[in-house]
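Novice: pasting a predicted model and its sequence here:
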Amino acid sequence: MLMLKLQLEDPRRPWLPPLVILIVTLLAFSPLIFGGQFFWDDYDLAISNPAIHASNGLYTIWFTRALPDYFPLTSSLFWIEWRVFGPGVPGGYHLVNVLLHAGTAILLWRVLRALRIPGALLAALLFALHPVNAESPAWIAEGKNTLCLCLAMASLLLWVRSERSGRWPLYVGSLVLFVLALLAKTAVVMLPVALLAILWYRRRLTVPAFLRTLPYFLMSLALGLVTMWFQAHNSIADTQIRTDGFASRLATAGWIVWWHLGKAIFPVNITFAYPTAWWENAARFGAIAFVPDILIVLVIAALVVLSRRIGRGWAAALIIYVVMLLPTLGFIDIYFMRYSLVSNHWQYPAMPAFCATVGAVVVWLARHGSVRRWNAVMAAALGVLALLAIDTGTIAEVYTTPAGVWNDLLAHDPNSWLAHARLGTMAMDRLQDDPTAVGEAVENWQKVVVERPDLVAGFTNLGNAYIAMGRFKEAEEMYKRGVAAPTGTAQERGILYVDIGALRGKAGDPAGAEQAFEKAVEVDPHLAAGWLRVGFMRAQRGDEEGAREALENAADVDPTFAQPRMDLAQLELRTGHLQAARHWAREAVTAEPDNQQAQEMVAQLDRLAEAPAPAATEPATSRP
């Protein structure tokens with residue numbers, strides 16, 4: 001019987017594997033390209049970000065601390081995409097993300113071929129179609145993930161070629177691409193350790209080779225510290241993420257590694273965020289909590305010891321997988337950890353090592369036997385890839401709408417406070433077109449405060465929903481419970497006091513209102529809205545000096561806020577200081593150039609200044 005050997009690669013057609021990878025990736029993610037919408041922080045990072053809209057936004061992106069995180073290359077990509085697609089073509093943003101994902105898979109194929117690791121095409125297809133990887137290309141904001149890994153893989157390819165040929169231009173190009181990858185996102189900060197693992201795998205870990213990796217380490221250290229600063233001061237600020245100590249975090253880190261590996265091997269129940277697991281506070285179990293950490297060390301040590309018999313690939317792959325996960329294991333706080341300690345997009349940079357191992361194992365199994373066995377193993381592998389592609393396509397369909405993501409999360413975790421919070425916010429956003437949506441908002445936010453009674457934001461939003469229903473007493477009660485909740489920022493508490501003051505003002509209690517506004521700026525001295533209300537209340541009771549001080553504070557803490565400047569202009573005019581009034585009116589226009597009311601105020605004050613002064617009248621004198 002004639003047996004045909006199923007070949008996945010043909011040396012005579014080197015263009016065919018990249019084309020296959022590209023086509024299957026586009027097909028799997030086609031629901032997003034043709035019907036995707038914007039989702040969650042897509043707006044904050046790409047769509048509603050003032051730096052993205054501004055003509056001089058690139059300066060803000062690269063040379064200021066205005067953005068919550070420092071990934072200037074990704075922000076520059078968003079800046080370009082805004083000018084190409086604007087806010088009306090989300091499919092364009094999705095297409096770029098998917099192409100970057102496909103590019104990473106193609107480069108992975110090239111890297112594995114350069115390293116002479118078998119199963120390169122299988123590994124690349126697995127990376128492109130693995131459901132765990134679907135979140136990064138499906139989420140526009142995670143373009144930072146797809147861009148940084150694509151650049152890192154290109155850097156790795158040039159590095160492998162430079163190590164083989166000794167050509168310095170390749171080495172320099174690799175280092176430049178690595179720096180660009182870090183500027184896209186520092187998720188690949190541990191790549192230099194992966195380079196050492198590859199050198200060890202290839203038996204080339206010499207002193208000169210090690211020294212050539214030092215610039216990579218230096219770049220990782222520098223930009224890693226920048227990222228940590230931005231996370232601590234801009235993204236997280238005074239938001240409480242985790243309160244446990246190093247021992248607890250070390251214990252939890254081991255569980256996180258095995259959890260991610262389990263999802264990579266068995267990609268079932270894939271969703272946006274995962275419910276809190278018992279091991280997330282594993283340290284309370286004592287020494288047994290550290291068993292996963294010990295197992296990682298023992299497995300790596302055993303693979304190293306056995307490397308003479310089974311080869312070095314196993315140990316190198318596991319080392320690379322673990323170190324690429326290291327930045328997200330909880331030793332440093334990341335904002336998303338307030339929602340979940342594990343995430344699909346955090347595993348994305350580690351997945352090439354996993355996929356390379358699977359591809360090599362499949363080819364090893366296929367080669368140890370007849371042609372019939374080869375064909376059977378390859379057919380089975382392609383069948384599994386087809387199933388994974390269907391699953392990834394389903395996930396892509398989920399990500400086409402924000403509601404799809406949150407409802408899918410609820411399907412996997414009915415108690416997810418994050419999903420209820422987002423659905424509640426979306427319901428509030430629909431109020432203008434659908435007043436009945438307030439009931440849905442209240443229902444969702446009530447579940448949030450049940451699941452997270454420690455969360456300030458839950459009480460804030462439930463109170464806002466009660467306001468929309470005209471239930472003011474219940475709203476104030478929620479606001480009072482909110483300021484007492486332990487988990488929240490000073491700004492969140494300050495805003496709640498402003499809301500409490502507004503309710504007391506409506507109820508005819510000006511003294512109580514002013515007391516709440518004063519409390520708001522005591523809690524958060526940088527709250528412009530609080531200082532504005534304090535200034536208004538002081539002016540109402542005739543304390544002009546106190547009002548002036550409060551309004552100047554509001555203007556100082558927010559250079560883009562026109563209202564306190566306009567109020568100062570009115571105050572100065574009322575007290576007879578025309579030039580000071582003109583100054584503050586001009587400041588208001590500078591703060592908000594499109595504010596028509598501020599422009600009219602400037603024009604009115606200018607006319608007033610140009611009007612001729614009334615003629616002096618001599619006092620009447622009596623005639624003798």
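Specialist: Arrived safely.
Novice: so where's the stretch 151-300 of the chain shaky on pLDDT?
Specialist: Scanning the stretch 151-300 of the chain for pLDDT under 70 picks out no residues.
Novice: that one: strands as residue ranges?
Specialist: Counting by DSSP state E, counting those that start in this stretch, no segments of the stretch 151-300 of the chain form strands.
Novice: dump the residue contacts of Ala282.
Specialist: 248, 251-252, 255, 289 (C-beta atoms under 8 Å, 6 or more residues apart in numbering). C-betas here are computed from N, CA, C, even on glycine.
Novice: repeat that with 6 Å
Specialist: Applying C-beta atoms under 6 Å, 6 or more residues apart in numbering, we find Ala282 in contact with 251-252, 255, 289.
Novice: quick one: it and Val305, what's the gap?
Specialist: Going from Ala282 to Val305 by C-beta to C-beta, to the nearest Å gives 28 Å.
Novice: can I get the contacts of Ala282 in a markdown table with neighbour count and distance to Ile117?
Specialist: Converted to a markdown table, the contacts of Ala282 look like this (neighbours: other C-beta atoms under 10 Å; distance: C-beta to C-beta, whole Å):
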| residue | neighbour count | distance to Ile117 |
| --- | --- | --- |
| Ala251 | 26 | 34 |
| Thr252 | 26 | 32 |
| Trp255 | 23 | 30 |
| Ala289 | 20 | 36 |
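Novice: tell me the one of those nearest Gly311?
Specialist: Proximity of the contacts of Ala282 to Gly311 (C-beta to C-beta) peaks at Trp255, which lies at 28.7 Å.
Novice: just put the contacts of Ala282 in TSV and tack on distance to Thr357.
Specialist: Shown next, in TSV, are the contacts of Ala282 (distance: C-beta to C-beta, whole Å):
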residue	distance to Thr357
Ala251	26
Thr252	25
Trp255	21
Ala289	28
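Novice: nearest to Val398 among the residues you listed?
Specialist: Closest to Val398, out of all of the contacts of Ala282 and judged by C-beta to C-beta, is Trp255, at 26.6 Å.
Novice: that closest one touches Asp293, doesn't it?
Specialist: No - counting by C-beta atoms under 6 Å, Trp255 sits too far from Asp293 to count as a contact (8.6 Å).
Novice: re earlier: just give me the closest of the contacts of Ala282 to Met566.
Specialist: Thr252 (51.2 Å).
Novice: what about that closest one, distance to Gly245?
Specialist: Going from Thr252 to Gly245 by C-beta to C-beta gives 11 Å.
Novice: same check, this time on Gly254
Specialist: Taken as C-beta to C-beta, the span from Gly254 to Gly245 is 16 Å.
Novice: looking at the two, which has the bigger crowd around it?
Specialist: Neighbours per residue (other C-beta atoms under 10 Å) separate Gly254 from Gly245, with Gly254 holding more: 22 against 9.
Novice: for that one, give me its contacts.
Specialist: Residues near Gly254 by C-beta under 6 Å, 6+ apart: 292-293.
Novice: if we go to 7 Å?
Specialist: 290, 292-293, 296 (C-beta atoms under 7 Å, 6 or more residues apart in numbering).
Novice: between those, which sits nearest Gly424?
Specialist: Gly424 has its nearest neighbour among the contacts of Gly254 in Pro292, at 36.1 Å by C-beta to C-beta.
Novice: could you tell me how many residues sit around that closest one?
Specialist: By other C-beta under 10 Å, 19 other residues sit near Pro292.
Novice: show me what contacts it?
Specialist: 254-255, 257-258.
Novice: which non-adjacent residue is nearest it?
Specialist: Of all residues not flanking Pro292 in the chain, Gly254 sits nearest, at 3.1 Å (C-beta to C-beta, 6 or more residues apart in numbering).
Novice: that neighbour and Arg284, how far apart?
Specialist: Distance from Gly254 to Arg284, by C-beta to C-beta: 15 Å.
Novice: same thing with Asp408?
Specialist: Counting by C-beta to C-beta, the gap from Asp408 to Arg284 is 32 Å.
Novice: settle it for me: which of those two has more neighbours?
Specialist: Asp408 (19 against 10).
Novice: quickly find the element holding the more buried one.
Specialist: Assigned by DSSP states H and E, Asp408 falls within helix 402-412.
Novice: elements contacting that helix?
Specialist: Secondary-structure packing of helix 402-412 (3 or more C-beta pairs under 7 Å, 6 or more residues apart in numbering; DSSP states H and E): helix 371-398, helix 417-429.
Novice: dump the ones you listed to JSON lines, plus mean pLDDT.
Specialist: As requested, the helices and strands packed on helix 402-412 are exported to JSON lines (pLDDT from 0 to 100):
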{"stretch": "helix 371-398", "mean pLDDT": "92"}
{"stretch": "helix 417-429", "mean pLDDT": "94"}
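Novice: closest one to Val448 among the ones you listed?
Specialist: helix 417-429 (4.9 Å).
Novice: so what secondary structure elements neighbour the helix or strand following that closest one?
Specialist: Next in sequence after helix 417-429, counting helices and strands by DSSP H and E, comes helix 437-451. Where contact means 3+ C-beta pairs under 7 Å, 6+ apart, helix 437-451 is packed against helix 417-429, helix 456-468.
Novice: mind listing what's buried in stretch 439-459?
Specialist: By neighbour count with 16 or more other C-beta atoms under 10 Å, stretch 439-459 contains the buried residues 440-442, 444-449, 451-452, 455-459.
Novice: repeat for stretch 476-494
Specialist: For stretch 476-494, by 16+ other C-beta under 10 Å, it's 476, 478-479, 481-483, 485, 487-494.
Novice: ok, residues contacting it?
Specialist: Contacts of stretch 476-494 (C-beta under 7 Å, 6+ apart): 237-240, 454-457, 459-460, 462-463, 466, 496-497, 499-500, 503, 520, 523-524, 527, 530.
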